[in-house]
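[1] just need the structure, nothing else, for what follows:
(one chain, ligands or ions: 2)
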Amino acid sequence: MITEGSNMDEMDITPVVLTIAGSDSGGGAGIEADIKTFGSLYVHGTCAITSVTSQNTTGVKSAYELPPSVVSDQIDAVCTDMDVRWAKSGMLSSADIVRQVARSVKEYGLHIIVDPVMAAEAGGKLLNEDAVSVLKEELLPVSYATTPNIGEAQALSGIDINSREDAKDAARAIAALGVKNVVITGGHSDAVDLVYESESDLFAEVPGRFIEGGTHGSGCTYSSALTAYLARGYSIVDAAIAAKEFVEYGILLSRNVGKGVSPVNQMGYMQMMATKDEVLTNTEEAVKMLEDSPNFSRLVAEVGCNIAMALPHARKVSDVAAVNGRIVRLQGRPKVVGCVGFGASSHVARIVLATMEFDPEVRASVNIKYSQNVLAICEDMGLTMSSFSRAEEPEHTHTMDWGVTYAIDSYGRVPAIISDAGGMGKEPMVRVLGRDAIEVASIAIEIADRLAVMED
Ligand SMILES: Cc1ncc(COP(=O)(O)OP(=O)(O)O)c(N)n1
Ligand SMILES: Cc1nc(C(=O)O)sc1CCOP(=O)(O)O
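    Ligands and ions are numbered 1, 2, ... in the order given. Next up, the predicted model:
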């Protein structure tokens, strides 16, 4: 129940952040991207619009610049009413607007993150040429951070960036203008972001991955996520790590709207967090089912068992939930050691990741003890089956990646069961595959129950 008191408490702790930027009618970049990002990161977003662009996924068609006094009126309205400490700027359009923003930043003591937006990816100028020098001379000296991409960093520093060392030189040159922190995004030839803290003269590298998907508005989304995390008390490096992850999920879950470059989905991160909870809950329930099944102890392998379920679009072991200490046999019963978390499994997680390369819907697996009886029961249950032989494994591969790929390739599609008869010092194993952890646990328990009937 929301009472007046609890609402007030919430208002007391919600940071208010301000974006000073242009509007993108296509809803992918600019103010629209910023406000959606702020909302999904639990800060209250406010705005001062600098320019109204008629824009879509194919580019900027026209821009209607607002007078600097209208920009400052909006900033005044917000800052005289609310406790605004953190702000960001995006499209500033003209030298006069840049000058006005610098004045307002000083007047209200704002910690501003300047995204030095110069042009839209799909085409369209967003900052007049004569405004660049004003940005360097008047706004950056009063800024907390700036987030140029490689092209913008070159334009601000005058340094050609062809290597990580060049990027470091450029970051130092930009910081010399007076801005405290410089975050160069996008890497030179990789997805690494560079964070430079001028006060300590320290660099941090934030690794990333190239993600296929819509990227329109990625710069705006990154800088607004960075601002939101800073407003929530993160350090500049932690905020840069978190903002990168936010944008990666936004690109991954972008929706295919428009005829050009699809916009980043600023709700993607929230959706992924909700999905993470679902995957954890499903895996935890499945683990409990196995622990509560006395017959499952018959299927506990010598090396122990693990049950794993991956996030949709999983690419790495840390995208897969499993038991962090495996399931073992203790006094004739299955016993879960540890708890369920992401990145907890190596073997079963790799089985799932290799399977998802063929069928992204098959996101779960459990390994069980190998025996001829188990294989006969699987056949009897009508489960589709394939296998691999460790003797055929080439050198320098990971058995789980190679074996699963081999078994699926030779069967022609993803089967429900993949087995191997073991090798020198390697236990033979059966793996059950399915859409979620509860499904594979149910199949494993049915196999265990049938095995009990067969053997007793
Ligand atoms: C109004 C407006 N502001 C900024 C941009 C540039 O956005 P960015 O996030 O750099 O993304 P791209 O447009 O380059 O894809 C913009 N387009 N419009
Ligand atoms: C050691 C081992 N090998 C397996 C196989 O399927 O061959 S399953 C397994 C145990 C589970 O390992 P983890 O906790 O790394 O997923």
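[2] what residues does the helix ranked longest in the chain touch?
    Identified as the longest helix of the chain according to DSSP state H is helix 268-291. For helix 268-291, contacts defined as Cβ atoms under 8 Å, 6 or more residues apart in numbering pick out 40-41, 245-246, 249-254, 265, 296, 305, 307-312, 321-323, 327, 333-336, 340-342, 364, 366, 436-438, 440-442, 444-445. (Glycine included, C-beta is placed from N, CA and C.)
[3] next structured bit after that helix?
    strand 307-310 (DSSP states H and E).
[4] coming back round to it: of the contacts of helix 268-291, grab the buried ones for PyMOL.
    In PyMOL, this line selects whichever of those come out buried by 16 or more other Cβ atoms under 10 Å:
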select buried, resi 40+41+246+249+250+251+252+253+254+265+296+305+307+308+309+310+311+321+322+323+327+334+336+340+342+364+366+436+437+438+440+441+442+444+445
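[5] hmm, the longest helix of the chain touching ligand 2?
    No - using Cβ under 6 Å from any ligand atom, helix 268-291 stays clear of ligand 2, coming no nearer than 12.2 Å.
[6] pLDDT averaged over that helix - what is it?
    When pLDDT is averaged along helix 268-291, the result is 97.
[7] before we move on, what about stretch 247-254?
    95.
[8] outside of it, which residues touch it?
    Contacts of stretch 247-254 (Cβ under 8 Å, 6+ apart): 208-209, 211-215, 218, 221-222, 225, 262-269, 271-272, 313.
[9] which of these are buried?
    The buried subset of those (16+ other Cβ under 10 Å) comprises 208, 211, 213-215, 218, 221-222, 225, 262-269, 271-272, 313.
[10] around ligand 2, pick out the residues from the protein.
    For the chain, the residues found near ligand 2 under the criterion Cβ under 6 Å from any ligand atom are 303-304, 306, 322, 326, 345-349, 367, 429, 431.
[11] what is the nearest of those to N149?
    Closest approach to N149 among the residues of the chain next to ligand 2 (Cβ to Cβ): A349, at 33.7 Å.
[12] do you know the pLDDT at G187?
    66.
[13] in stretch 385-397, what's buried?
    386-388, 393.
[14] export that stretch to PDB, keeping only CA atoms.
    Taking Å, rounded to 0.1, in the frame of the first residue of the first chain, the C-alpha atoms of stretch 385-397 are listed here in PDB:
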ATOM      1  CA  MET A 385      19.500 -39.600 -29.100                       C
ATOM      2  CA  SER A 386      23.000 -38.900 -30.500                       C
ATOM      3  CA  SER A 387      26.500 -39.500 -29.300                       C
ATOM      4  CA  PHE A 388      30.200 -38.700 -29.800                       C
ATOM      5  CA  SER A 389      33.400 -40.600 -29.200                       C
ATOM      6  CA  ARG A 390      36.200 -39.000 -27.300                       C
ATOM      7  CA  ALA A 391      38.700 -41.100 -29.300                       C
ATOM      8  CA  GLU A 392      37.800 -39.000 -32.400                       C
ATOM      9  CA  GLU A 393      38.300 -35.600 -30.700                       C
ATOM     10  CA  PRO A 394      40.800 -33.400 -32.400                       C
ATOM     11  CA  GLU A 395      43.600 -31.700 -30.400                       C
ATOM     12  CA  HIS A 396      43.200 -28.300 -28.900                       C
ATOM     13  CA  THR A 397      39.400 -28.300 -28.700                       C
END
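[15] need the residues that contact that stretch.
    By Cβ under 8 Å, 6+ apart, stretch 385-397 touches 375, 378-379, 399, 402-404, 406-408, 410-411, 415-423, 426.
[16] buried members of those residues into PyMOL, please.
    In PyMOL syntax, the buried subset of the contacts of stretch 385-397 is picked out as below (16+ other Cβ under 10 Å):
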select buried, resi 375+378+399+402+403+404+406+407+408+415+416+417+418+419+420
